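>>> Quick one, fold the following:
(one chain, ligands or ions: 2)
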Amino acid sequence: MLATLDIGGTKVAAALTQGGRVLERRQLPMVSQREDLTPLLASLLQGWTGIQKIGVATTGYVQQGRVFSVNHDIIGFWNGLPLQEILRGIMDVPVVMLNDAQAAAWGEYLARQQDGNGPADLMFVTLSTGIGGGVVLNHRLRTGQSGLAGHIGHIPSHFRSCDGESQCGCGQTGCLELIASGTGLARQASALFGEACDSRRLFSLASQLPGAEHLIQHAAEAVAAMLAGQHLALDLQEIVIGGSVGLAPGMLERIQHAFRRIPVPAPPRISAARCGADAGLAGIMHWAGASS
Ligand code: ADP
Ligand code: ZN
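Ligands and ions are numbered 1, 2, ... in the order given. As a prediction, the model looks like this:
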């Protein structure tokens, strides 16, 4: 039995798996305080017996069992936190860790290999609390020597955020994450409407309010421009979009439409995550299952 976790800035999902099949799935909101993390993880794993290994997909980059966030505004205590040791304190079994978008890239890559002619070169992009990415090149997941590979949310965009905010929690200015993440959209929407508005509500307002539609459209164009740059660097066959914002109604179509207007050669297919919100869980299940 393998237990898998997918730790995001907003939610933590867990699955009990056996031989590549999910027996049970659980989900709880992510906590904002360090001291609440161990109880949260313990309650997600509670009652699961016969676990031989834990696979963890997590936001941030992973180095030797520790997690670090690039954007310190998202999880403040992801500053070298020994997550592997914390989990081993809950359940004394081997713990295999990977960045969440890297795991999702692997899950989506494998889902396409089942067709027989899946792509060799694929990028997964999650538009969620933040923006992350994972790259499979020549059938291999690229994690990088520092675990950082794919963090495209912190590449500055030539688009400007609609509320004028330019300072990112990573220390840089003008990052894509300020414009097109769930947090970024909520911040811009709240500034536009003069009251708190999260990204789910923004999407529900898009058909009635041109201002809401404009924010989403602008975000989709900024994402498409970033993806065109990634395609030029890597020559991708497919770009897979996931995360709750990426999977929100009409977002994929807006990104596809914006991408079609960018004159890049040999444009890749842009598709939705086949595993939906569980791309990270699926990926870490296979990754951890295959690791010794
Ligand atoms: P995580 O970042 O924890 O992996 P998600 O992929 O669910 O989690 O992304 C969370 C972000 O997506 C939050 O900013 C949330 O407000 C936003 N969100 C959640 N559901 C929707 C929705 N249906 N439409 C648009 N945005 C959503
Ligand atoms: Zn940044």
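>>> Could I get the contacting residues of the closest residue to ligand 1 within the stretch 1-150 of the chain?
Nearest residue of the stretch 1-150 of the chain to ligand 1: G8, at 2.1 Å (Cβ to the nearest ligand atom). The C-beta positions use only the backbone N, C-alpha and C, and glycine is treated the same way. By Cβ atoms under 8 Å, 6 or more residues apart in numbering, the residues touching G8 are 30, 59, 100, 128-129, 280.
>>> can you tell me which of those are in helices?
Among the contacts of G8, the residues falling in helices (DSSP state H) are 100, 280.
>>> Please, a ChimeraX command that selects the buried ones among the contacts of G8?
Burial among those is assessed by 16 or more other Cβ atoms under 10 Å; the matching ChimeraX selection reads:
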select :30,59,100,128,129,280
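>>> Ligand 1 next: which of the contacts of G8 are close?
30, 128-129 (Cβ under 6 Å from any ligand atom).
>>> and the one helix or strand L178 maps to, what's its mean pLDDT?
For L178, the enclosing helix or strand under DSSP states H and E is helix 176-180. Across helix 176-180, pLDDT averages out at 98.
>>> which stretches of this structure aren't confidently modelled?
Counting by pLDDT under 70, the chain contains low-confidence residues at 292.
>>> Kindly list the longest helix within it.
Max-length helix for the chain by DSSP H is helix 210-234.
>>> Just give me the closest of the ones next to ligand 1 among the contacts of G8 to ligand 2.
T129 (13.2 Å; Cβ to the ion).
>>> Quick check: closest non-adjacent residue to that closest one.
G9 (3.0 Å; Cβ to Cβ, 6 or more residues apart in numbering).
>>> give the contact list for that neighbour.
Neighbours of G9 in contact, by Cβ under 8 Å, 6+ apart: 30, 59, 74-75, 128-130, 183.
>>> Tell me how far the helix or strand following the longest helix of the chain lies from the chain's centre.
The helix or strand immediately downstream of helix 210-234 is strand 238-242, counting by DSSP H and E. Here the centre of strand 238-242 is set off from its chain's centre by 11 Å, with Cα atoms, centre = their mean, to the nearest Å.
>>> ok so, going back, I'd guess the residue nearest to T129 is in a strand, am I close?
No: counting by DSSP: H, G, I helix; E, B strand; the rest coil, G9 is not found in a strand; it is coil.
>>> Contact partners for the residue in the stretch 151-292 of the chain positioned nearest to ligand 1?
Residue nearest to ligand 1 within the stretch 151-292 of the chain: G182 (2.1 Å; Cβ to the nearest ligand atom). Contact partners of G182, counting by Cβ under 8 Å, 6+ apart, are 10, 127-129, 198-199, 243-245.
>>> and the residues you listed, which are buried?
Buried by 16+ other Cβ under 10 Å: 127-129, 199, 243-245, out of the contacts of G182.
>>> Closest one of these to ligand 2?
T129 (13.2 Å).
>>> tell me the contacts of the closest one?
Per Cβ under 8 Å, 6+ apart, neighbours of T129: 8-10, 59, 74, 181-183.
>>> Next, format these as JSON lines and append distance to ligand 2.
Conversion of these to JSON lines gives the following (distance: Cβ to the ion, whole Å):
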{"residue": "G8", "distance to ligand 2": "17"}
{"residue": "G9", "distance to ligand 2": "14"}
{"residue": "T10", "distance to ligand 2": "18"}
{"residue": "T59", "distance to ligand 2": "13"}
{"residue": "I74", "distance to ligand 2": "10"}
{"residue": "S181", "distance to ligand 2": "10"}
{"residue": "G182", "distance to ligand 2": "15"}
{"residue": "T183", "distance to ligand 2": "11"}
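>>> tell me which parts of the stretch 151-292 of the chain are close to ligand 2?
Proximity of the stretch 151-292 of the chain to ligand 2, by Cβ under 5 Å from the ion, involves residues 154, 168, 170, 172, 175.
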